[in-house]
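Student: Next comes the sequence, and after it the predicted model I'd like to discuss.
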Amino acid sequence: MTVTTLSGRELNQDLGRAKRATKDGPVIITDRGRPAHVLLSFDEYKRLTGKMRTLGDMLAAPGAEDIDLPLPQRTEHAQPVDLS
């Protein structure tokens, strides 16, 4: 992934360049030399903001190993079954 940095002035002068650069990664737009905005492709935006569909997806996501998941004590217990 390539990160491109453009000043606000460069963005205004060549928006097409900025849009093409999002194919390779995010475009950081600076304001007075400081990062102010990020331009992403819509597909990358959807990937970043998409909802996890299952608990398995969330637990498999990067960084999930750092999440403390306290589970409550079980209140139900298995009962013996009469198989006679």
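Tutor: That came through, no problem.
Student: so where do the helices sit in this structure?
Tutor: For the chain, the helices defined by DSSP state H cover 8-13, 15-21, 42-49, 55-60.
Student: Quick one: residues contacting the residue positioned nearest the centre of the chain.
Tutor: Ranked by distance to the mean C-alpha position of the chain (Cα atoms, centre = their mean), the top residue is L48 at 3.1 Å. With contacts taken as Cβ atoms under 8 Å, 6 or more residues apart in numbering, L48 has the following neighbours: L40. To be clear about C-beta, it is placed using only N, CA and C from the backbone, and glycine gets the same treatment.
Student: could I get the helices of the chain as a markdown table with distance to L83 and mean pLDDT?
Tutor: Rendered in a markdown table, the data for the helices of the chain read as follows (distance: least, Cβ to Cβ, whole Å; pLDDT from 0 to 100):
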| stretch | distance to L83 | mean pLDDT |
| --- | --- | --- |
| helix 8-13 | 73 | 95 |
| helix 15-21 | 68 | 96 |
| helix 42-49 | 51 | 86 |
| helix 55-60 | 33 | 78 |
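Student: I'd like those written out as a markdown table, with distance to A78 added.
Tutor: Compiled in a markdown table, the helices of the chain are given as follows (distance: least, Cβ to Cβ, whole Å):
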| stretch | distance to A78 |
| --- | --- |
| helix 8-13 | 63 |
| helix 15-21 | 59 |
| helix 42-49 | 42 |
| helix 55-60 | 23 |
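Student: Those helices: which one's closest to T2?
Tutor: Put simply, out of the helices of the chain the one that sits nearest T2 is helix 15-21, at 7.7 Å, with distance taken as Cβ to Cβ.
Student: For that closest one, buried residues please.
Tutor: By neighbour count with 16 or more other Cβ atoms under 10 Å, helix 15-21 contains the buried residues 18, 21.
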